[in-house]
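In: generate a structure from the sequence data that follows.
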Amino acid sequence: MKNVAFPEIREALRSRKRILVASHLRPDPDAYGSAIAAALWLRSEGHEVTIWNEDGMLEKYAFLPSSELVTAPPAECVSFDAVLALDTSVKNRLGTVLDTVAGSPLWICIDHHKSNEGYADLNLIDPSRPATAQILAEAFLSEGITITPEMATNLFAAISTDTGSFQYEGTSDQTYEVGAELIRLGVNVAELSRSLYENQPRRRLELLKHALVNARFTSHDRVASFALSLADVEKLGVIPEDNEGIIDNLRSVEGVKAAAFFEEMPDNMVRLSLRSKDPSFDACNLCRQFGGGGHPMASGARIKGSFADVQETVLKVIDSALGSSTTTV
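Out: Here you go, the predicted model:
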């Protein structure tokens, strides 16, 4: 993998007119915020910029400034002079975006996922940063690139959510310093926090109730898990974006070292989200065994198999990885 510094990426893009900015499917604020901030920067430097995400712009994040720039890929294929993939650990996580790019002579990736092996021509991968947006913010500040209030708000939203409001592993003094600088550049923290954390649809509360009632504890109560079947989805009337963050309620239970969320999907597939609360349990390494990846404390995978069988298999592997330790977290 060729890992480069941001100035090299900036120089490589300088002569490219039409640039696509893309991020992973099932997007979170880091995917959206990084993409929008990068697009606004590239536009300020005279490029024609398009932002695609397989899911388009989810309604719950439409409050982000310039969110209207994010669209789902069109039906017809389009060529670009460069593609900038953000917060996307493996190329196929770009989903249908890949089907719609007719051609691009240059692929660039900026990401913070440990499992990213560098699929682009130029890669800036920094797992020491808790959010891709922090990599971008530091690069903009270092390069003297003007960060508008719109860019600052997108970057701050991305960092805030990917760090669990500046709490998770990987949050550092530098993270706080970047956050403080973004506030000075125009972020309204109270207003943004209300939009991010206090504006959940009623159906998400129903999903949370369902998760808490049906939570399963295994491995001597060190593992908490929750399974959402297709029948549950229909009964509760929830949509995929409602799932985000539900697993953190299970991880927060005293004594729990790992939390797993199993989501049944069509075509005999199961989506696994895995969280760790103990640095000795690497969620990323475990998800890699099933073709996934992510971060040591938060990872995921999509696994082929029956809903019940996948749950039992994964829980056995987690139990084995945890070993016989009964240390209280």
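In: residue ranges with poor pLDDT in this protein?
Out: Scanning the chain with the threshold set as pLDDT under 70 gives 1, 324-329.
In: can you map out the helices along it?
Out: 6-14, 29-44, 96-100, 132-143, 149-162, 173-184, 189-197, 202-213, 230-236, 246-251, 283-288, 307-322 (DSSP state H).
In: run a quick neighbour tally on the residue lying closest to residue 41 once chain neighbours are set aside.
Out: Nearest non-adjacent residue to residue 41, counting by C-beta to C-beta, 6 or more residues apart in numbering: residue 145, 5.9 Å away. All C-beta spots, glycine's among them, are computed from the backbone N, C-alpha and C. Neighbour count for residue 145, taken as other C-beta atoms under 10 Å: 16.
In: over to residue 129?
Out: 23.
In: quick one: residues contacting it.
Out: 112, 135, 138, 170, 175 (C-beta atoms under 8 Å, 6 or more residues apart in numbering).
In: by neighbours, which of those wins?
Out: residue 112 (25 neighbours).
In: so that residue makes contact with residue 124?
Out: No. Using C-beta atoms under 8 Å, residue 112 is not in contact with residue 124; the gap is 9.5 Å.
In: where do the contact lists of those two overlap?
Out: Contact criterion C-beta under 8 Å, 6+ apart; residues shared by residue 112 and residue 124: residue 135.
In: okay if I get the contacts of residue 129 as a markdown table plus distance to residue 208?
Out: Formatted as a markdown table, these follow (distance: C-beta to C-beta, whole Å):
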| residue | distance to residue 208 |
| --- | --- |
| 112 | 28 |
| 135 | 32 |
| 138 | 35 |
| 170 | 26 |
| 175 | 28 |
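In: picking up where we left off before, out of the helices of the chain, which is closest to residue 277?
Out: Counting by C-beta to C-beta, residue 277 lies closest to helix 246-251 out of these; the figure is 5.4 Å.
In: what residues of that closest one count as buried?
Out: Neighbour counts over helix 246-251 (16 or more other C-beta atoms under 10 Å) mark 246, 247, 250, 251 as buried.
In: let me have the helices of the chain in JSON lines, extended by distance to residue 56.
Out: Formatted as JSON lines, the helices of the chain follow (distance: least, C-beta to C-beta, whole Å):
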{"stretch": "helix 6-14", "distance to residue 56": "25"}
{"stretch": "helix 29-44", "distance to residue 56": "11"}
{"stretch": "helix 96-100", "distance to residue 56": "11"}
{"stretch": "helix 132-143", "distance to residue 56": "20"}
{"stretch": "helix 149-162", "distance to residue 56": "17"}
{"stretch": "helix 173-184", "distance to residue 56": "26"}
{"stretch": "helix 189-197", "distance to residue 56": "19"}
{"stretch": "helix 202-213", "distance to residue 56": "20"}
{"stretch": "helix 230-236", "distance to residue 56": "20"}
{"stretch": "helix 246-251", "distance to residue 56": "22"}
{"stretch": "helix 283-288", "distance to residue 56": "26"}
{"stretch": "helix 307-322", "distance to residue 56": "28"}
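In: do you know how far residue 314 is from residue 75?
Out: Residue 314 is 37 Å from residue 75, where distance means C-beta to C-beta, to the nearest Å.
In: please identify which of the two sits among more neighbours.
Out: residue 314 (24 against 6).
In: so the more buried one sits against residue 262, correct?
Out: Yes. Under the criterion of C-beta under 8 Å, residue 314 makes contact with residue 262 at 7.4 Å.
In: so what sits against both of the two?
Out: residue 272.
In: show the contacting residues for residue 44.
Out: 145, 146.
In: check the offset of stretch 236-255 from the chain's centre.
Out: 15 Å (C-alpha atoms, centre = their mean, to the nearest Å).
In: quick check: phi and psi at residue 188.
Out: phi -90, psi 100 (degrees, to the nearest 10).
In: show me the contacts for it.
Out: For residue 188, the contact set (C-beta under 8 Å, 6+ apart) comprises residue 153.
In: neighbours of the residue lying closest to residue 40 once chain neighbours are set aside, how many?
Out: Beyond its immediate neighbours in the sequence, the residue positioned closest to residue 40 (C-beta to C-beta, 6+ apart) is residue 151, lying 5.1 Å away. Applying other C-beta under 10 Å, we find 28 residues neighbouring residue 151.
In: can you pull the contacts of residue 151?
Out: 36, 37, 40, 41, 140, 185.
In: do the same with residue 96
Out: Residue 96 neighbours (C-beta under 8 Å, 6+ apart): 25, 54, 72, 73.
In: may I see the ChimeraX selection of the buried members of the residues you listed?
Out: Selecting only the buried entries of the contacts of residue 96 in ChimeraX, with 16+ other C-beta under 10 Å as the criterion:
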select :25,54,73
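In: now, which of the contacts of residue 96 sits nearest residue 279?
Out: residue 25 (28.6 Å).
In: in contact with that closest one, which residues?
Out: 53, 54, 55, 93, 94, 95, 96.
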